[in-house]
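Undergrad: What shape does this take:
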Amino acid sequence: MAGAGGRPRRRSPDEARVIERFKRLAPQLQALTLALQKFSDESGQVDRSAWAEAFSQTTADPQTIVNVKAVTGLYEGLVNHLVEMMQSAARARGLAVVKGEVRPNGPELFAAVHDDGGITSSQVDVLRRLYQMRNQLQHASPGVDAAQVLDDIELLQKTLARFVKSYVLWLERHGITLMQ
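TA: Reported below is the predicted structural model:
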């Protein structure tokens, strides 16, 4: 990012936020993987029945509660992190969705970034699904299914790298580089 006279252009506050959040993604994903180990079998795979039993919220064991909350809290945090990255990038890009008085919700933001060429339609669908689960977890919605939570955690782990690649390429096309 060169400015006048070949000197590096000064980053906007939103660009700086994007970069700081970008740097935190890998450690947060590693923390989620580490938290899931409490529910993994000898082969390293998450034991779905152990997860379901722990997630059932009928346990009185404080350590089990801490272990479950570590996983769900890290998942919520990663989804929030992605939304905040998109929010800052949308402001840096000057997208209309972030110019109003009211902050856009996740799906509105995802659609606007898609329309600007930042993410694919399938990535929008995945982000909506992850965002919906995040909402259910944050509001302790009754009937949240342990298997669905685990499916969405695994979906996040599986798709995060592709999302980040699209996100980085989108910003680079508009002169915002995250890696130097």
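Undergrad: Which secondary structure element is home to the residue nearest the centre of the chain?
TA: Centroid-nearest residue in the chain, with Cα atoms, centre = their mean: Val79, separated by 2.9 Å. Val79 is part of helix 62-93 when elements are defined by DSSP states H and E.
Undergrad: Could I get the buried residue list for that helix?
TA: Across helix 62-93, burial judged by 16 or more other Cβ atoms under 10 Å covers 64, 67-68, 70-76, 78-79, 81-83, 85-93. Heads up, the C-betas are built off the backbone N, CA and C, glycines and all.
Undergrad: which other helices and strands contact that helix?
TA: Judged by 3 or more Cβ pairs under 8 Å, 6 or more residues apart in numbering; DSSP states H and E, the packing partners of helix 62-93 are helix 13-36, helix 48-55, helix 106-115, helix 121-138, helix 146-173.
Undergrad: Of these, which shows the lowest average pLDDT?
TA: Note on the helices and strands packed on helix 62-93: helix 13-36 shows the lowest mean pLDDT, a mean of 88.
Undergrad: Pull the contacting residues for the closest residue in space to Ala96 that isn't next to it in sequence.
TA: Excluding the flanking residues, the one nearest Ala96 by Cβ to Cβ, 6 or more residues apart in numbering is Ala112, at 7.3 Å. By Cβ atoms under 8 Å, 6 or more residues apart in numbering, the contact list for Ala112 reads Ala90, Leu95, Ala96, Val97, Val98, Pro104.
Undergrad: Specify the local secondary structure of the fourth one.
TA: Using DSSP: H, G, I helix; E, B strand; the rest coil, the secondary structure recorded for Val97 is helix.
Undergrad: Pull up the per-residue confidence for it.
TA: Reported pLDDT for Val97: 96.
Undergrad: how far away is the closest residue in space to it that isn't next to it in sequence from Leu127?
TA: For Val97, ignoring the flanking residues on the chain, the nearest one in space by Cβ to Cβ, 6+ apart is Ala112 at 3.7 Å. Distance of Ala112 to Leu127, given as Cβ to Cβ, to the nearest Å: 12 Å.
Undergrad: now swap in Gln157 and tell me
TA: Taking Cβ to Cβ, one finds Gln157 at 14 Å from Leu127.
Undergrad: thinking again about what came up before, list just the nearest of the contacts of Ala112 to Arg162.
TA: Ala90 (19.5 Å; Cβ to Cβ).
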